[in-house]
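*Asks:* structure of the sequence below:
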Amino acid sequence: MIENTPRKTKAFIAGANLNDPNFDYYMSELANLTEAANMEVVGQARQNEEHIIAGTYFGLGKINEIKDMAHGLKAKVLVLNDELTPVQIRNLEKLTKLRVIDRTELILEIFSSRARTKQAKLQVQLARLQYELPRLHPSENTLDQQRGNGGSTGGGFANRGAGESKLELNRRTIGKQISIIKRELQAIDKQEQIKAKRRNQNHIPKVALVGYTNAGKSTTMNGLLKEFSKHSDKQVFVKNMLFATLDTNVRRIDLENNFSFILSDTVGFISKLPHNLIESFKATLQEVKDADLLINVVDASDPNMIQMIRTTQNVLNEIGVKNTPIITAYNKADKSERNYPQIEGSGILYSAVDTKSIETLADLITKRIFTNYKKINLLLPLSAGKILSYLHENAQVLTETYQNDGVHIAVRLSPREQAHFASYIV
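*Replies:* Residues are numbered from 1 along each chain as shown. Alright, predicted model coming up:
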């Protein structure tokens, strides 16, 4: 028996180019996003403009051209490359007889379908409500939209028409939902902060994987887990699609030389990521802000690699990350003709599915985050079992000798720990 796969909705994409050198890249990205939203791109239109038309985004001539092309290709949806105003969306839908989705709504729809944890679902819901709030309009209500008394007396709620009353009710309802979600997220954030505080107390360096969506961050994390973690079975979800995961995964990596670090894999970035979405995900991205080192994973096989690096930097700037050291990790070298793995300045050319590459990346991370660690000789009292246990768990113990005057150990310590254990230094 042959199963019928549901047909994808046919979509037509379009954008206005205001002399932007990255316009082709944004349109290519829009096509990928549309496909990621389970739609089929059947055609596209572009127009070079000096400015966006306030009421309709495009001029009427271009709109008629898009309408004819889209209907000829049996498209049901028109996807625009920018965030549109409510008026622009309504006018375009009237003129084209198509459902109109702007870039922001498209990304929100993708995020909605990818959210798995309670936190991610709430974050996406919050961003969607904040997007929808200014887009409410009386014409969407079924009640009468006439104003009472011609609006001649005052501006009170009682003098408004039923349609506008319904609109105000919808706004207040959404406002309440936003408040409830924010409170729920604050409660989750407090729990996450407690976990983060515990990790920080261990003084273990923190490394965060960042970068463009689908560049290979999760595959890189899984490679490091496989080679260097006691819990290599705790692999993270990987799939070849945009925004495969929206959740921050945190794992401990234990290197063979007794160095350890906390590794986090965060949500992927993309150009023109909606501001509300970034605001909603700021708590999730806290791991990035707290990191001692960032690894910007880049798809080295993608022709738009440079724009992707800029996109990541723009999002990092927006969430307030500016001075954290970065390793640029050029992934997917197995798709090129170049030799790998190899260190290139402060970066690395590698393949996340290659063992030698993962080992070289781990060496590079070690050099970057353990540079200021020094070999220190400590003399601990024989009764200092907790301190000794801590050092074995969180530092690189080189030698350990029990003598009558105490425990003599040689250990590599961070600058912070050097100060903390200063009274035991010999």
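*Asks:* which one is His51 nearest to, not counting chain neighbours?
*Replies:* Leu18 (6.9 Å; CB to CB, 6 or more residues apart in numbering). The way it works is simple: take the backbone N, C-alpha and C, and place the C-beta from them, glycine included.
*Asks:* verify the contact between that neighbour and Ile53 for me.
*Replies:* No: contact between Leu18 and Ile53 fails when scored by CB atoms under 8 Å: they sit 11.7 Å apart.
*Asks:* more neighbours, those two?
*Replies:* Ile53 (15 against 12; other CB atoms under 10 Å).
*Asks:* for the more buried one, which non-adjacent residue is closest in space?
*Replies:* Gly59 (5.8 Å).
*Asks:* what of Glu49?
*Replies:* Using CB to CB, 6+ apart, the closest residue to Glu49 is Ala16 (4.8 Å).
*Asks:* likewise Lys335?
*Replies:* For Lys335, the closest residue by CB to CB, 6+ apart turns out to be Ser301, at 4.0 Å.
*Asks:* how close does Pro299 sit to Lys94?
*Replies:* No, residue 299 isn't Pro; it's Asp. Separation of Asp299 from Lys94 (CB to CB, to the nearest Å): 40 Å.
*Asks:* swap in Phe12?
*Replies:* 16 Å.
*Asks:* Asp405 too?
*Replies:* 88 Å.
*Asks:* equivalent analysis for Ile306, please.
*Replies:* For Ile306, the distance to Lys94 - CB to CB - is 40 Å.
*Asks:* now the strands for this structure?
*Replies:* 9-17, 39-48, 77-80, 99-101, 206-211, 249-254, 260-265, 293-299, 326-331, 342-344, 347-349, 374-380, 396-403, 406-413 (DSSP state E).
*Asks:* make JSON lines from those strands and add mean neighbour count, distance to Gln123 and mean pLDDT to it.
*Replies:* JSON lines is the format used below for the strands of the chain (neighbours: other CB atoms under 10 Å; distance: least, CB to CB, whole Å; pLDDT from 0 to 100):
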{"stretch": "strand 9-17", "mean neighbour count": "22", "distance to Gln123": "26", "mean pLDDT": "96"}
{"stretch": "strand 39-48", "mean neighbour count": "17", "distance to Gln123": "24", "mean pLDDT": "95"}
{"stretch": "strand 77-80", "mean neighbour count": "24", "distance to Gln123": "23", "mean pLDDT": "97"}
{"stretch": "strand 99-101", "mean neighbour count": "19", "distance to Gln123": "21", "mean pLDDT": "95"}
{"stretch": "strand 206-211", "mean neighbour count": "24", "distance to Gln123": "17", "mean pLDDT": "92"}
{"stretch": "strand 249-254", "mean neighbour count": "18", "distance to Gln123": "16", "mean pLDDT": "85"}
{"stretch": "strand 260-265", "mean neighbour count": "23", "distance to Gln123": "16", "mean pLDDT": "88"}
{"stretch": "strand 293-299", "mean neighbour count": "23", "distance to Gln123": "21", "mean pLDDT": "95"}
{"stretch": "strand 326-331", "mean neighbour count": "23", "distance to Gln123": "25", "mean pLDDT": "96"}
{"stretch": "strand 342-344", "mean neighbour count": "13", "distance to Gln123": "36", "mean pLDDT": "90"}
{"stretch": "strand 347-349", "mean neighbour count": "21", "distance to Gln123": "31", "mean pLDDT": "95"}
{"stretch": "strand 374-380", "mean neighbour count": "16", "distance to Gln123": "41", "mean pLDDT": "91"}
{"stretch": "strand 396-403", "mean neighbour count": "13", "distance to Gln123": "38", "mean pLDDT": "87"}
{"stretch": "strand 406-413", "mean neighbour count": "19", "distance to Gln123": "38", "mean pLDDT": "89"}
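*Asks:* a markdown table for those, including distance to Ile174?
*Replies:* Output for these, formatted as a markdown table (distance: least, CB to CB, whole Å):
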| stretch | distance to Ile174 |
| --- | --- |
| strand 9-17 | 27 |
| strand 39-48 | 27 |
| strand 77-80 | 23 |
| strand 99-101 | 20 |
| strand 206-211 | 32 |
| strand 249-254 | 32 |
| strand 260-265 | 33 |
| strand 293-299 | 36 |
| strand 326-331 | 39 |
| strand 342-344 | 50 |
| strand 347-349 | 45 |
| strand 374-380 | 56 |
| strand 396-403 | 54 |
| strand 406-413 | 53 |
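*Asks:* what packs against the lengthiest helix in the chain?
*Replies:* Longest helix in the chain by number of residues (criterion: DSSP state H): helix 162-201. Helix 162-201 makes packing contacts with helix 118-132, helix 286-290 when contacts are defined by 3 or more CB pairs under 8 Å, 6 or more residues apart in numbering; DSSP states H and E.
*Asks:* what's the spacing between the last one and its chain's center?
*Replies:* So that's helix 286-290. Distance of helix 286-290 from the chain centroid (CA atoms, centre = their mean, to the nearest Å) equals 12 Å.
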